[in-house]
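Engineer: Next come a sequence and a model predicted from it.
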Amino acid sequence: MLEGEQPVVLPAEQLLQPMAQAAPLWIRLSRGLEAAIASGALPPGARLENEVSMSERLSLSRPTVRRAIQELVDKGLLVRRRGVGTQVVHGSVARQIDLTSLYDDLKRSGRVPSTRVLDVTFARVGPEVTEQLGLDQTSRVLKIRRVRFADSVPIAVLENYLPDTFADITAERLAEVGLYQELHARGVTLRVARQRIGARRASVDEGLLLDIGRGAPVLTMDRTAYDADGAAVEYGRHCYRPDLYGFEMTLVER
C-alpha cells in the first residue's frame, strides 16, 4: 500500500470479537487487530485509521484505542510513522550470519531495497577506523553513510570506511547498488570478515533517520571484511531497527 492510500477500516464486529472470559476493551481490540493482521484483512503496509476516528467509530475512549495499538507496536506488528500514521509492519528480516550485504539479503527475502545516501567524503578519521583497516593513523579514507530501506521503510543506518583505493566510488552509484555489489564489480573478492553484534540506544540522529525516536533500542553490527589476499577492504559500523531486523545463526555442538 502506498503512503497516500486511504486507511483500511474494518467493521466493529471484526475488531471487537467476544472473548471466552471477560477482558478489558483494549485487550479485545488488540486481539481483533492482531487477528486481522494474521488473516491478511490488514495486509503488510496497510494504514490504520487514526485513533480519534477509531475511538469514535467503535465507541471507545482514546486511551483504550491507544493502549491496544501500542500493544501491537511493542510486538513488532505495527509501526508508527511520522506524517503517515500507523501501519502494519511488512515483516522482519532475519539475516543469516554470512559474508553478505544487507542489500542482497533484502532482495533474496523478496523485499525491495532502496538507499538514501547521506554522506560520501574522503577525509582523515579516528585511530579506531585506521586500525581496523590496517592503515597509518594519518591516512585518509572514504567514509560512506547511508540509510537502507526495505519496501520504503527505514531499517538501518550504515556507516562504512574504505581505503583510498576506492575514493572514486560516488554517491550516485551507491544510490543504485549495494556497496558489496560495487566492490565485486571492481574485481574485489571478499573472503572473510570479523564482526561483532551488539545493542545500544539510538542517538538523536539515528532515531530521526530510522523513525523510532531518541533512545529507542537498536541492534548494532561492526564488521571488518578482508579480500583474498588478507587485506582489509572495508570497515562498517551499522545499526538496525530490532522490530524489523534480526540475526540468525546455526549452532553445532563440538
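Structural biologist: Ah, there it is.
Engineer: Residue nearest the middle of the protein, spatially speaking?
Structural biologist: Central residue of the chain (C-alpha atoms, centre = their mean): residue 155, 1.6 Å from the mean position.
Engineer: In a helix, that one, correct?
Structural biologist: No. Judged by DSSP: H, G, I helix; E, B strand; the rest coil, residue 155 forms no part of a helix; its state is strand.
Engineer: ok, it - contacts?
Structural biologist: Counting by C-beta atoms under 8 Å, 6 or more residues apart in numbering, residue 155 makes contact with 93, 102, 148, 149, 210, 240, 241, 244, 245. All C-beta spots, glycine's among them, are computed from the backbone N, C-alpha and C.
Engineer: Look up the closest residue to it, ignoring the ones flanking it.
Structural biologist: residue 244 (5.1 Å; C-beta to C-beta, 6 or more residues apart in numbering).
Engineer: tell me the phi and psi of that neighbour?
Structural biologist: Summarising the backbone geometry of residue 244 under the convention degrees, to the nearest 10, its torsions are phi -120, psi 0.
Engineer: Same question for residue 231.
Structural biologist: For residue 231, the backbone dihedrals (degrees, to the nearest 10) come out as phi -90, psi 140.
Engineer: Show the pLDDT at it.
Structural biologist: The confidence metric pLDDT takes the value 89 at residue 231.
Engineer: now the helices for the stretch 151-254 of the chain?
Structural biologist: Secondary structure of the stretch 151-254 of the chain, counting by DSSP state H, counting those that start in this stretch: helices at 171-174, 179-185, 204-210.
Engineer: I'd like to know which of these lies nearest to residue 64.
Structural biologist: The minimum distance between residue 64 and the helices of the stretch 151-254 of the chain falls on helix 204-210, with 27.7 Å, by C-beta to C-beta.
Engineer: hmm, back to that, same list (the contacts of residue 155) but as a markdown table, adding neighbour count.
Structural biologist: Written out in a markdown table, the entries for the contacts of residue 155 read as follows (neighbours: other C-beta atoms under 10 Å):
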| residue | neighbour count |
| --- | --- |
| 93 | 23 |
| 102 | 25 |
| 148 | 21 |
| 149 | 17 |
| 210 | 22 |
| 240 | 25 |
| 241 | 27 |
| 244 | 22 |
| 245 | 22 |
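Engineer: Among those, which are located in strands?
Structural biologist: Counting by DSSP state E, the members of the contacts of residue 155 that fall within strands are 93, 148, 149, 240, 245.
Engineer: among the helices and strands of the chain, which has the poorest mean pLDDT?
Structural biologist: Of all the helices and strands that make up the chain, strand 93-96 has the lowest average by mean pLDDT, DSSP states H and E, namely a mean of 49.
Engineer: Residue 245 versus the residue nearest to the centre of the chain, what's the distance?
Structural biologist: Residue 155 is 6 Å from residue 245, where distance means C-beta to C-beta, to the nearest Å.
Engineer: I'd say residue 226 and residue 232 touch.
Structural biologist: Yes. The pair formed by residue 226 and residue 232 meets the contact definition of C-beta atoms under 8 Å, at 5.6 Å.
Engineer: Noted, bye for now.
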